[in-house]
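Student: build me a model from this:
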Amino acid sequence: MAKPGKKYRAAAAKIEDRPYELKDALSVIKDSAFAKFDETVEVHMRLGVDPRHADQMVRGTIVLPHGTGKTMRVAVIAGGEKVKEAEAAGAEIVGGDDLVEKIAAGFLDFDALVATPDMMKGVGRLGKVLGPRGLMPNPKTGTVTFDVAKAIKEIKAGKVEYRVDKTGIIHAPVGKLSFGVEKLEENAKALIDAVHKAKPSTAKGKYVKTMYIASTMGPSVSLSTAGVEK
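Tutor: Have a look, this model is predicted:
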């Protein structure tokens, strides 16, 4: 394993080995940042669930109060009047079966994909291409819908999907360092609250076991879970 660089070690030295309150953790991250670009801030939550069981899968979406800071390229697979609706709502790429074939051939120049239900028969065979990249449209995340304008608007406003991985951890972005502590705190709180509300009824014991927050290049900071477990 590569040895961390000087700047990373210097940043890590500023972090105490204890859980921080969210606002304090963000202040530490911002003060110790050393990258020359506007880093993304991510929250990582280890949950007391077993994702191997369908009734313990934690998944959902939330529109962050201040967005993600990322400009999203949205593609829409639709037909008829929904094509014009998608274009009017600001989708960068719109098509029907032609777009399905284009994606099957390797085209992936978009950040989110929306499809109308009547187009899912064709989209379904793209699972092996879209699934591993987290781009497969899904009714649970609002990306399989006839209300394409609403879906596009939410994605561009900063809609984030969270999903527990096979190790029981959720990783999700909550904005850019340039947002400042206050906006990042509001975004992170919104995400944490959403994950807490999504607690499966079958989950036993402590739901949120540990939480960390970190910037793209910086060391992670442990967060207190005291306010999460109610």
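
Student: now do the contacts for the residue nearest to residue 53 when sequence neighbours are not counted.
Tutor: Leaving aside its sequence neighbours, residue 53 sits nearest to residue 202 (C-beta to C-beta, 6 or more residues apart in numbering; 7.3 Å). From N, CA and C alone the C-beta is placed, and that goes for glycine too. Shown in contact with residue 202 (C-beta atoms under 8 Å, 6 or more residues apart in numbering): 53, 55-56.

Student: tell me the confidence at residue 202?
Tutor: We have a pLDDT of 89 for residue 202.

Student: now the residue of the chain most remote from its centre: how far from residue 86?
Tutor: No residue in the chain sits farther from the centre than residue 80, which is 30.8 Å out by C-alpha atoms, centre = their mean. Distance of residue 80 to residue 86, computed by C-beta to C-beta, to the nearest Å: 11 Å.

Student: with residue 170 instead?
Tutor: Using C-beta to C-beta, one obtains 30 Å as the distance from residue 170 to residue 86.

Student: now swap in residue 141 and tell me
Tutor: Distance from residue 141 to residue 86, by C-beta to C-beta: 17 Å.

Student: looking at the two, which one has more neighbours?
Tutor: The residue with more neighbours, out of residue 141 and residue 86, is residue 86; 25 against 22, by other C-beta atoms under 10 Å.

Student: list the buried ones in stretch 69-85?
Tutor: Across stretch 69-85, burial judged by 16 or more other C-beta atoms under 10 Å covers 69, 72, 74-78, 82-83, 85.

Student: out of those, the closest to residue 208 would be?
Tutor: Of all the buried residues of stretch 69-85, residue 69 has the smallest distance to residue 208: 25.2 Å, by C-beta to C-beta.

Student: return the distance of the residue lying closest to residue 178 once chain neighbours are set aside relative to residue 215.
Tutor: Among residues not flanking residue 178 along the chain, residue 38 sits closest, at 4.9 Å (C-beta to C-beta, 6+ apart). Distance, residue 38 to residue 215, by C-beta to C-beta: 10 Å.

Student: where does this protein have low pLDDT?
Tutor: The model of the chain has pLDDT under 70 over residues 1-2, 227-230.

Student: tell me where it has helices.
Tutor: Taking DSSP state H as the criterion, the chain contains helices spanning 6-13, 22-32, 81-88, 97-104, 120-123, 127-130, 148-157, 181-197.

Student: how about those helices in a markdown table, adding distance to residue 45?
Tutor: Shown next, in a markdown table, are those (distance: least, C-beta to C-beta, whole Å):
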| stretch | distance to residue 45 |
| --- | --- |
| helix 6-13 | 21 |
| helix 22-32 | 12 |
| helix 81-88 | 33 |
| helix 97-104 | 32 |
| helix 120-123 | 30 |
| helix 127-130 | 25 |
| helix 148-157 | 22 |
| helix 181-197 | 6 |
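
Student: to residue 224, which of those helices lies closest?
Tutor: helix 22-32 (7.8 Å).

Student: now the angle from the closest one to helix 6-13?
Tutor: If you take axes from the mean of the first three to the mean of the last three C-alpha atoms, to 10 degrees, helix 22-32 sits at 150 degrees to helix 6-13.

Student: helices and strands around helix 22-32, which ones?
Tutor: For helix 22-32, the elements it packs on are helix 181-197, strand 208-215, strand 221-223, judged by 3 or more C-beta pairs under 8 Å, 6 or more residues apart in numbering; DSSP states H and E.

Student: out of these, which is the most enclosed?
Tutor: Per-stretch averages of neighbours, counted by mean count of other C-beta atoms under 10 Å, single out strand 221-223 among the helices and strands packed on helix 22-32, with a mean of 22.
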